[in-house]
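[1] I would like the atomic coordinates for the input below:
(chains A and B)
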Amino acid sequence: MLTWSLGFLILMVKLGAVLLFLLLAAAYLVWLERKFLARLQVRYGPNRAGKYGLLQPIADMIKMLTKEDTIPEGADRVIFLLAPAVVTVTALLMFAVIPFGGDLSFLGKRIPMVIADLNIGLLFVFALSSLGVYGIALGGWASNSKYSLLGGIRGAAQMISYELSLGLSLVPVVMLAGSFSLVDIVRAQEAYPFILVQPLAFVIFVISAMAESKRIPFDLPEAENELGAGYHTEYSGIRFGLFFLGEYVNMQVLGALVAVLFLGGWSGPFLSGPAWFCIKILVVALVMIWIRGTLPRLRYDQLMALGWKVLIPLALVNIVVTGAVILI
Amino acid sequence: MTLYTCLFYVLAVAIVTTTGIAITQRNLVHAVIYLVFSFFGSALLFYLLGAPLLAALEVIVYAGAIMVLFLFIIMMVKMESIEERMPPLGQWLPAVLCGILYLALGAVVVYTAPGSEFPLQTAMATPVELGKYLFQRHWLSIEIVSLLLLVAIIGALHLGKRKETGGTEEP
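    Got it, this is the predicted structure:
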C-alpha cells in the first residue's frame, strides 16, 4: 500500500510539474516569439510591461481571462464551447509519453523521468495529434461564419494531408530504434543522434510538423488577410486563449519530439538531462520562429502539392532505402 | 464483479448508445461526432482487453483520419436539411435481408464457439510480436488487401479526374 501511494504521489508530482512547466513555457514562448520576431523585423517588440516586456505574458493572460466570452448568434453552442478545449487538451496530453531526462534515484527507488512510458508511445502522439484536428474543424464549423468555416475546412484538409508524411517520415526512426517507445528511441541514440543517419526524415518531419501546428508558412487555416482569423475568428476571451495556448503547447511538443526522435533526447555532455532537453526544445522553437519571420505563406495548391507530391513520395523512398540498408 | 467487468459494461453501453445516436441523428456533424465517440469507446475497449497497439490504431485510423474525412466532406458539401421520408422498398429489402443474415451468423458463431476460453493472445502482444506474426504468417493476405486498396485508389483517381475537353485546368 505504501509503495502504491508513493508511486501515486510521484506520478502526481510529475504531472503537476510538467503541466506547470508547459503552461509557463507557453506563456514565455509567446514573449520570446514576439521579441525575436520584432528583432527580425527591426522593431522593439513588447517593452512596456516590466523590464524587456517580461510581464507581457501575465498582462495578456489577465486580459484574456477578464474579456467577455461571446457566442455568435446561430452558433452550435455545445460544440462551439468545447472545441477550444479539444485543441489544448490533446496538445497537453501528448507530453505524457515524452521522456525529459534519464532515470532518477530517490529513496532507493528508480523514478523514470517520463509520465508514462508506453510501448506504443509514438502512436499515442499520432492518435492525439489526429484528434486535435477536431478542435479546429469543429470550432470553425460551429461558429456559423463563412470565414471560420473556410478556416476549419482548410485546417482539416491540411492536417490530414500532412499527418501522412509526418507518420511516414518516422517509420525509419522506428525501424532503427526497433521500438515505438520514446524512451527506447532515445536510448537507441546513445552512440549518435538519428539526425546524422536520417537527415531526410528529419527535414520531412520538421516541415510536416510545422504544417500540423499551422504556423507560417503553413497558416492557411487562419490566413489573416483572407479569412479574418480563420477558424477562431468568432472566439473571444479565454476560449481564444485556449486555441492560442494549444498552438504554443503544440510548438513545445514539436520541439520535444524533434529532440527525442532526432537530437538524442536528454543526452548531452556537462549539463543534466532535463537541462539539455529544454535547450534542444528552445533551439527548435527559435528555428521555427526564425522560419516564420523569413518565409511568406504558401498558396493552397502549393501546400497540397508539397505534401502529396514531394514529402510523401520522399518519405516512402526513405523507408525503402533505410530498410535495404538495415537488411544489408 | 471486478473493476474490469464494470469498466467493460460502462464502455459497451457507451459504444452502443453513441452508435445508436449517430445512426438516428439528423444533424450530420453531430452524427459524426457521436461516431467518433463510439470509435473512441472501441479503442478503450481494445485497451481494456490488453491490446494497446490496436487501441492506438483504432484512434489514428478511424477516429482520427476517416471521420475527419467524413467531416471534411460534410462541411464542403453544404447539405440542406434532408426531408423526412422512408427509403423505397427496393432499398429496404436488401437491408433487411442482410440484417437477418448477419444476426443469424452472429447467433451461430456465439452458440458454437463463445470464444471465452481463448484470450486475445496476438492482440495482447507487443507491437513487435504483432508485426512479426502478421507479416510472417499472413503476408499473402496483407499483400492482397493492399493490392485491393491500390485498385480502389486508382479507381477513385480515374473517377475524380476531369474530362480533357472543356473544364478548367485547376481542380
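
[2] tell me the secondary structure for the residue in chain B positioned nearest to chain A?
    Here chain B gets closest to chain A at one residue, residue B:64, 2.7 Å apart by Cβ to the nearest Cβ. (Glycine included, C-beta is placed from N, CA and C.) Three-state call for residue B:64 (DSSP: H, G, I helix; E, B strand; the rest coil): helix.

[3] please apply the same query to residue A:46.
    coil.

[4] for it, grab phi and psi.
    Main-chain dihedrals, residue A:46, degrees, to the nearest 10: phi -60, psi 130.

[5] what's near enough to touch the nearest residue to it once chain neighbours are set aside?
    Nearest non-adjacent residue to residue A:46, counting by Cβ to Cβ, 6 or more residues apart in numbering or on different chains: residue A:53, 3.4 Å away. Residue A:53 is in contact with A:31, A:34-35, A:45-47, counting by Cβ atoms under 8 Å, 6 or more residues apart in numbering or on different chains.

[6] swap in 10 Å and give it another go.
    Residue A:53 sits next to A:31, A:34-35, A:38, A:44-47, A:59 when contact means Cβ atoms under 10 Å, 6 or more residues apart in numbering or on different chains.

[7] sorry, back to before: need the pLDDT of the residue of chain B closest to chain A.
    Note on residue B:64: pLDDT of 82.

[8] same question, residue A:203
    Value for residue A:203, per-residue pLDDT: 91.

[9] before we move on, the earlier item: and the contacts of residue A:53, which of them are buried?
    A:31, A:34-35, A:38, A:45-46 (16 or more other Cβ atoms under 10 Å in any protein chain shown).

[10] let me see the mean pLDDT of stretch A:176-187.
    Across stretch A:176-187, the average pLDDT comes to 83.

[11] check which helix or strand residue B:36 maps to.
    Using DSSP states H and E, residue B:36 falls within helix B:28-48.

[12] list the buried residues of that helix.
    For helix B:28-48, burial by neighbour count (16+ other Cβ under 10 Å) applies to B:28-29, B:31-47.

[13] and the furthest pair within the buried ones among the contacts of residue A:53?
    By the measure Cβ to Cβ, A:31 and A:38 form the most distant pair in those, at 10.7 Å.

[14] now do the shared contacts for these two.
    Shared contacts of residue A:31 and residue A:38, defined by Cβ under 10 Å, 6+ apart, comprise A:45-46, A:53.

[15] residues near the residue of chain B closest to chain A, how many?
    27 (other Cβ atoms under 10 Å in any protein chain shown).

[16] so what's it closest to, chain neighbours aside?
    Spatial nearest neighbour of residue B:64, chain neighbours left out: residue A:130 (2.7 Å); criterion: Cβ to Cβ, 6+ apart.

[17] quick revisit: save the buried ones among the contacts of residue A:53 as CSV, and put in pLDDT too.
    What follows is the buried ones among the contacts of residue A:53, written out as CSV (pLDDT from 0 to 100):
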residue, pLDDT
A:31, 89
A:34, 88
A:35, 88
A:38, 89
A:45, 81
A:46, 84
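
[18] what residue lies at the spatial centre of chain B?
    Centrality entry for chain B: nearest residue to the mean C-alpha point is residue B:62, 6.3 Å, by Cα atoms, centre = their mean.

[19] hmm, that residue is touching residue B:40, no?
    Yes. Contact criterion Cβ atoms under 10 Å: residue B:62 and residue B:40 qualify, at 9.0 Å.

[20] so who does residue A:125 touch?
    Listed by Cβ under 10 Å, 6+ apart, the contact set of residue A:125 reads A:90, A:93-98, A:118, A:166, A:170, A:180, A:182, A:253, A:256-257, A:260-261, B:56, B:60.

[21] for the shared contacts of residue A:31 and residue A:38, which one is nearest residue A:141?
    residue A:46 (33.8 Å).

[22] residue A:56 is in contact with the closest one, correct?
    Yes. Shown here, residue A:46 and residue A:56 form a contact pair, counting by Cβ under 10 Å, at 4.2 Å.

[23] against residue A:121, how distant is the residue in chain A that chain B sits nearest to?
    Nearest to chain B in chain A, going by Cβ to the nearest Cβ, is residue A:130, at a distance of 2.7 Å. Going from residue A:130 to residue A:121 by Cβ to Cβ, to the nearest Å gives 15 Å.

[24] cool, residue A:272 as well?
    Distance, residue A:272 to residue A:121, using Cβ to Cβ: 22 Å.

[25] so residue A:72 is in contact with residue A:146, correct?
    No. The criterion here is Cβ under 10 Å, and residue A:72 misses it with residue A:146 at 12.0 Å.

[26] by mean pLDDT, point me to the weakest helix or strand of the chain.
    Reading this off chain A. strand A:104-106 (a mean of 69; mean pLDDT, DSSP states H and E).

[27] the intended chain is chain B.
    Using mean pLDDT, DSSP H and E, the weakest-scoring helix or strand in chain B turns out to be helix B:121-124, at a mean of 59.

[28] before we move on, back to that, reformat the buried ones among the contacts of residue A:53 as JSON lines; add distance to residue B:137.
    Listed next are the buried ones among the contacts of residue A:53 as JSON lines, based on distance: Cβ to Cβ, whole Å:
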{"residue": "A:31", "distance to residue B:137": "56"}
{"residue": "A:34", "distance to residue B:137": "56"}
{"residue": "A:35", "distance to residue B:137": "58"}
{"residue": "A:38", "distance to residue B:137": "60"}
{"residue": "A:45", "distance to residue B:137": "60"}
{"residue": "A:46", "distance to residue B:137": "61"}
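
[29] show me the helices in the stretch 51-200 of chain A, by range?
    Taking DSSP state H, counting those that start in this stretch as the criterion, the stretch 51-200 of chain A carries its helices at A:56-66, A:77-93, A:121-142, A:146-177, A:182-187, A:194-197, A:199-212.

[30] most packed of the ones you listed?
    Mean neighbour count, computed with mean count of other Cβ atoms under 10 Å in any protein chain shown, is highest for helix A:121-142 among the helices of the stretch 51-200 of chain A, reaching a mean of 26.

[31] quick one: that one to helix A:77-93, angle?
    If you take axes from the mean of the first three to the mean of the last three Cα atoms, to 10 degrees, helix A:121-142 sits at 150 degrees to helix A:77-93.

[32] residues in contact with residue A:88?
    Taking Cβ under 10 Å, 6+ apart as the test, what residue A:88 contacts is A:23, A:26, A:132, A:135, A:241-250.

[33] near chain B, which residues of the stretch 1-150 of chain A?
    Proximity of the stretch 1-150 of chain A to chain B (Cβ under 10 Å from any Cβ of the partner chain) is limited to residues A:76, A:78-79, A:82, A:118-134, A:136-138, A:140-142, A:149-150.

[34] typo on my end, it should be the stretch 151-300 of chain A
    Within the stretch 151-300 of chain A, the residues that sit near chain B (Cβ under 10 Å from any Cβ) are A:152-153, A:155-157, A:159-160, A:163-164, A:167, A:174, A:178-181.

[35] pLDDT on the lengthiest helix in chain B, on average?
    In chain B, assigned by DSSP state H, the helix with the most residues is helix B:89-112. In this model, helix B:89-112 has a mean pLDDT of 86.
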